[in-house]
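Enquirer: okay, structure incoming, though there's no sequence with it:
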């Protein structure tokens with residue numbers, strides 16, 4: 001999640017390659033993130049071209065330990081661990097670290113190691129710094145996406161013509177203590193739309209750059225029902241773990257949990273019951289980030305098709321949907337309802353997890369553009385007595401039918417560009433979704 005959000009900021013033009021960022025993208029407060037540009041200029045210089053003093057400078061023991069430990073762990077656990085010539089990669093990493101006197105100087109060396117296993121989703125965390133390798137071609141974001149991303153994360157809902165409910169699901173980077181509240185807010189928005197007359201659904205993930213999937217999927221549980229909808233597979237294709245969703249309680253293989261009240265229409269939990277808080281897993285380790293209040297986009301459009309005055313997606317009043325006051329009211333057979341999932345280049349990491357959870361669901365179509373390509377499952381390992389941690393992409397997402405997603409998700413109907421978050425009638429992807437749902 002962190003890696004994609006940082007690449008997202010680069011794509012938005014907010015930062016240049018190699019700059020340091022503080023407190024961004026759901027990282028722990030005060031974390032500096034060093035994105036090392038490991039292109040040709042930073043390749044190891046052949047020994048014959050390197051000055052004698054530099055060639056003979058010994059590496060410090062702690063520097064060598066971090067590199068050796070990272071190589072050993074990547075060699076054992078990385079999803080693409082069979083790709084590199086490890087002895088060569090290790091020596092090149094040492095060459096790139098020749099000038100390092102502190103762990104924070106290991107940016108080029110760690111970028112080289114992550115590049116060797118094609119891992120743009122992992123990182124090395126040490127003290128107050130994260131070291132990563134970004135893709136050299138960040139996902140393209142249209143001006144409309146950049147502008148809307150800049151407004152921050154928030155849930156947006158609207159009732160569109162023909163009884164079609166529109167719900168934007170933003171990224172949610174939060175501590176585990178916030179999962180249930182965020183999930184409830186999302187589900188309450190879904191239920192509110194149904195009470196207004198929604199019978200089919202557009203779930204917009206175009207502005208979902210990740211965070212933690214737990215509250216997102218728990219919040220959408222009325223549409224998914226009970227089951228195992230996504231999981232992870234190793235580089236041999238073996239499924240190593242599946243998530244579980246039952247009566248609004250969503251559990252990940254690493255122990256993370258998010259739960260909503262009343263997702264089964266009968267009350268999954270009694271109001272006031274103690275929230276179950278999971279460990280959070282590898283996603284959502286960053287600082288708490290609100291998903292925002294729920295925005296009701298302009299005036300609702302009646303279920304019978306008579307258009308109201310408002311066509312904006314996100315210009316309306318702010319409404320608190322959380323708290324469980326209306327929990328579960330009006331949930332009727334959402335599992336069988338028609339659903340369109342909107343995706344794009346801004347859909348990444350946990351946002352891609354949400355999309356995969358809907359793969360294989362009946363009466364479901366995917367419209368938009370390919371997702372950002374952060375479909376790996378990350379796992380952390382501690383080094384140097386717990387003072388350093390390396391997070392490695394060790395698996396890839398699988399859907400309910402155990403189909404593997406090693407790169408990204410490709411929509412059923414490809415609609416390039418054409419975003420307009422100020423007027424849904426001008427948004428090409430929303431219009432394609434309305435046509436699809438109108439036929440089914």
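Expert: Cool, the structure landed. Computed from a predicted structure; not experimentally measured. Numbers count the residues shown, from 1 in each chain.
Enquirer: contacts only, for residue 63.
Expert: Residue 63 makes contact with 97, 100-101, 103, 106, according to Cβ atoms under 8 Å, 6 or more residues apart in numbering. Every C-beta, even on glycine, is put in place using the N, C-alpha and C of the backbone.
Enquirer: so what does it have for phi and psi?
Expert: phi -60, psi -50 (degrees, to the nearest 10).
Enquirer: how close does it sit to residue 94?
Expert: 9 Å (Cβ to Cβ, to the nearest Å).
Enquirer: now residue 180
Expert: Taking Cβ to Cβ, one finds residue 180 at 47 Å from residue 94.
Enquirer: the more surrounded of those two?
Expert: residue 180 (28 against 18; other Cβ atoms under 10 Å).
Enquirer: is it correct that that one is in contact with residue 219?
Expert: No: using Cβ atoms under 8 Å, residue 180 is not in contact with residue 219, being 9.8 Å away.
Enquirer: what is in contact with the two at once?
Expert: 258, 260.
Enquirer: dump the residue contacts of residue 416.
Expert: Contacts of residue 416 by Cβ under 8 Å, 6+ apart are residue 369.
Enquirer: and for residue 336?
Expert: Residue 336 touches 362-363, counting by Cβ under 8 Å, 6+ apart.
Enquirer: ditto for residue 217
Expert: So residue 217 contacts 224, 229, 243, 245, 250, 258, 353-354, 357 (Cβ under 8 Å, 6+ apart).
Enquirer: widest-spaced pair of those?
Expert: The distance between the two most remote of those (Cβ to Cβ) is 13.9 Å, for 229 and 258.
Enquirer: higher neighbour count, the two?
Expert: Using other Cβ under 10 Å as the criterion, residue 229 and residue 258 rank with residue 258 on top: 36 against 25.
Enquirer: what packs against the helix or strand where that one lies?
Expert: Under the criterion of DSSP states H and E, residue 258 resides in strand 257-259. With contacts taken as 3 or more Cβ pairs under 8 Å, 6 or more residues apart in numbering; DSSP states H and E, strand 257-259 sits against helix 179-196, helix 213-219, strand 249-251.
Enquirer: check the offset of the very next helix or strand once past the second one from the chain's centre.
Expert: Note on helix 213-219: by DSSP H and E, the next helix or strand toward the C-terminus is helix 221-224. When distances are taken as Cα atoms, centre = their mean, to the nearest Å, helix 221-224 is centred 19 Å away from the chain's centroid.
Enquirer: also stretch 206-215?
Expert: Distance, centroid of stretch 206-215 to centroid of chain: 4 Å (Cα atoms, centre = their mean).
Enquirer: likewise for stretch 353-362?
Expert: 14 Å.
Enquirer: tell me which helix or strand of this structure sits lowest on mean pLDDT?
Expert: strand 20-22 (a mean of 23; mean pLDDT, DSSP states H and E).
Enquirer: how about low-confidence regions in the stretch 251-400 of the chain?
Expert: Along the stretch 251-400 of the chain, segments meeting pLDDT under 70 span 263-332.
Enquirer: which stretches of it form helices?
Expert: 350-358 (DSSP state H, counting those that start in this stretch).
Enquirer: what pLDDT does residue 127 get?
Expert: Listed pLDDT for residue 127 reads 79.
Enquirer: in stretch 334-354, what's buried?
Expert: Residues 334-335, 337-354 are the ones in stretch 334-354 that count as buried (16 or more other Cβ atoms under 10 Å).
Enquirer: ok, now stretch 155-167?
Expert: 155-167.
Enquirer: tell me the domain ranges of this protein?
Expert: According to automatic domain parsing, the chain comprises the domains 2-132, 152-373+408-439.
Enquirer: measure the longest one end to end?
Expert: Using Cα to Cα, to the nearest Å, one end of domain 152-373+408-439 lies 34 Å from the other.
Enquirer: how far does it sit from the chain's center?
Expert: 13 Å.
Enquirer: what count of nearby residues applies to residue 198?
Expert: There are 27 residues near residue 198, going by other Cβ under 10 Å.
Enquirer: I'd assumed residue 165 was in contact with it.
Expert: Yes: in this structure, residue 198 is within contact of residue 165 by Cβ under 8 Å, at 2.9 Å.
Enquirer: overlap of the contact sets of these two?
Expert: Common neighbours of residue 198 and residue 165 (Cβ under 8 Å, 6+ apart) are residue 159.
Enquirer: tell me the buried residues in the longest strand along the chain?
Expert: Longest strand in the chain, counting residues (DSSP state E): strand 388-399. Buried residues in strand 388-399, counted by 16+ other Cβ under 10 Å: 388, 390-399.
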